[in-house]
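Colleague: here you go, sequence then predicted model.
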Amino acid sequence: MLILLAALPVLYWQAGPDTAPLLKQAGITQIAVPPANLNLWKNVRDLRVEGVNLQESMQLPPPGVAFRMNVASASRVPWVNSNGWRLMRWPQRHFYYNVDANTAPLAAAEAFCYNTLAVLQTDQNGLQPLATMLHFLSTLTPDAGDPVADIGFIDDGSPVDAEVMNLMVRDNLLFRILRSPEPGYKLIVQVGSDEYSKEEAKNPDLLVHKIRYNLTDAKRTIRIFGTSVVLARVTAHGQHTRIQLLNYGASRGMQVGAFRVHILGRYQNAQLRSYGDETARIADYSFAAGATEFTVPELKIFAVVDLSR
């Protein structure tokens, strides 16, 4: 699709080259345009331009949170809308977001987190927030690790499996999509098996509770305490582990206060890079029962924690 997409998400821009000063002023350095418009941009300097046909891309819903009434307590409970399961189910696809200014930085961080090919369309108000996030992402050390998975999930491509995966992502249950059982996982899940029947899957929420119970909290690679809107993705390579943290409440201007991270393994060193706060530092670093724990003081949208043994 695009060579430039191998590194970062890219702004999709349908306006003409007369808007180049607007893009440059916002801090945008590269764009994707409709193929029919590509020739119009050939004389514009200091801006990388590639042609993209959106018909070849899968459109994703804007990431964020919605509020649903909890029947038991009548409280407003945030419901995380993450595209994580989609990005995992179709790793070879090209994706397209159409997002507003509040959601553009989160969408860019989500695509980056899952190392996927994506373009983002936003309006004039979204240009600077998007450019600021893209600049932050460009300063991060490339991730050489592979995704960490506690669970092997056998996906048959059905809507039922999609909903189960969606809830697993929301619950920070790390999994890898399989086509058949493979060794090396703490738990294998297949909807329709004796252990996880189709009947149980009629209530995906209860089924995911069962998956978490069978895995046990003690075997979960990562657990997050103190927030329900932060999702984590973990990758590892050799003695190094990277935790990427996404605050889905950012789409509604929600900044998450201090929360606790518990990750299996003993890590001697940790470095936090947090979007919008160059001075952010990990607090209350400790070891307990074969795990490392620390506090992230706050999270605006996206942060990376690099750990080493």
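Modeller: Thanks, I have it.

Colleague: how near is the residue in the chain sticking out farthest from the centre to residue 86?
Modeller: Residue farthest from the centre of the chain, counting by CA atoms, centre = their mean, is residue 43 at 35.7 Å. Distance check for residue 43 against residue 86: by CB to CB, to the nearest Å, it reads 38 Å. Placement of C-beta: from N, CA and C, glycine included.

Colleague: and for residue 287?
Modeller: 36 Å.

Colleague: quick one: which of those two has more around it?
Modeller: Neighbour totals were compared for residue 287 and residue 86, and residue 86 leads with 19 against 12 (other CB atoms under 10 Å).

Colleague: so that one sits in a helix?
Modeller: Yes: assignment of residue 86 by DSSP: H, G, I helix; E, B strand; the rest coil places it within a helix.

Colleague: who's the nearest residue to it once chain neighbours are set aside bridged to?
Modeller: Among residues not flanking residue 86 along the chain, residue 60 sits closest, at 6.4 Å (CB to CB, 6 or more residues apart in numbering). Residue 60 has the following beta-bridge partners by DSSP bridges: residue 97.

Colleague: could you report the pLDDT at residue 60?
Modeller: The model reports residue 60 with a pLDDT of 97.

Colleague: dump the residue contacts of it.
Modeller: By CB atoms under 8 Å, 6 or more residues apart in numbering, the contact list for residue 60 reads 83, 86, 95-97, 107, 118.

Colleague: show me which of these is closest to residue 143.
Modeller: Nearest to residue 143 among the contacts of residue 60 is residue 118, at 16.1 Å by CB to CB.

Colleague: what about the closest one, how many residues nearby?
Modeller: Residues lying near residue 118 (other CB under 10 Å) number 27.

Colleague: you'd agree it is up against residue 111?
Modeller: Yes: assessed by CB atoms under 8 Å, residue 118 is found in contact with residue 111 at 3.8 Å.

Colleague: need the overlap of contacts for the two.
Modeller: Listed as contacting both residue 118 and residue 111 by CB under 8 Å, 6+ apart are 9, 95, 97.

Colleague: show me what contacts the last one?
Modeller: Applying CB under 8 Å, 6+ apart, one finds that residue 97 lies in contact with 59-60, 62, 104, 107, 111, 118-121.

Colleague: now the second one
Modeller: Contacts were defined as CB under 8 Å, 6+ apart; by that measure residue 95 touches 57-60, 83, 86-87, 111, 116-119.

Colleague: what strand or helix carries residue 234?
Modeller: strand 230-237 (DSSP states H and E).

Colleague: return the helix or strand that comes right after that strand as CSV; C-alpha atoms alone will do.
Modeller: Downstream of strand 230-237, the first helix or strand assigned by DSSP H and E is strand 240-247. Taking C-alpha atoms only, strand 240-247 is exported to CSV below (Å, rounded to 0.1, in the frame of the first residue of the first chain):
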residue,chain,number,x,y,z
HIS,A,240,13.3,-6.8,27.1
THR,A,241,9.5,-6.4,27.4
ARG,A,242,7.4,-3.5,26.2
ILE,A,243,4.0,-2.5,27.7
GLN,A,244,1.9,-0.2,25.5
LEU,A,245,-0.9,1.5,27.4
LEU,A,246,-3.9,3.1,25.7
ASN,A,247,-6.4,5.3,27.5
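
Colleague: tell me what strand 240-247 is packed against?
Modeller: helix 104-113, strand 230-237, strand 259-264, strand 302-308 (3 or more CB pairs under 8 Å, 6 or more residues apart in numbering; DSSP states H and E).

Colleague: nearest to residue 141 among the ones you listed would be which one?
Modeller: strand 302-308 (7.3 Å).

Colleague: what does the closest one contact?
Modeller: Residues outside strand 302-308 that contact it (CB under 8 Å, 6+ apart) are 105-106, 109, 112-113, 133, 136, 140-141, 239-247, 261, 263, 265, 267-275, 280, 282, 292, 294, 296.

Colleague: so where's the stretch 1-150 of the chain shaky on pLDDT?
Modeller: Along the stretch 1-150 of the chain, the model assigns pLDDT under 70 to residues 1-7, 68-77.

Colleague: helices of that one, residue ranges please.
Modeller: 20-26, 84-89, 104-113, 127-138 (DSSP state H, counting those that start in this stretch).

Colleague: what's the answer for the stretch 151-300 of the chain, then?
Modeller: Under the criterion DSSP H, counting those that start in this stretch, the stretch 151-300 of the chain contains helices at 159-170, 204-215.

Colleague: in CSV: those, plus distance to residue 39, mean neighbour count and mean pLDDT.
Modeller: Formatted as CSV, those follow (distance: least, CB to CB, whole Å; neighbours: other CB atoms under 10 Å; pLDDT from 0 to 100):
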stretch, distance to residue 39, mean neighbour count, mean pLDDT
helix 159-170, 40, 19, 96
helix 204-215, 49, 16, 95
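
Colleague: can I get the ones you listed in CSV including distance to residue 228?
Modeller: Listed next are the helices of the stretch 151-300 of the chain as CSV, based on distance: least, CB to CB, whole Å:
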stretch, distance to residue 228
helix 159-170, 9
helix 204-215, 14
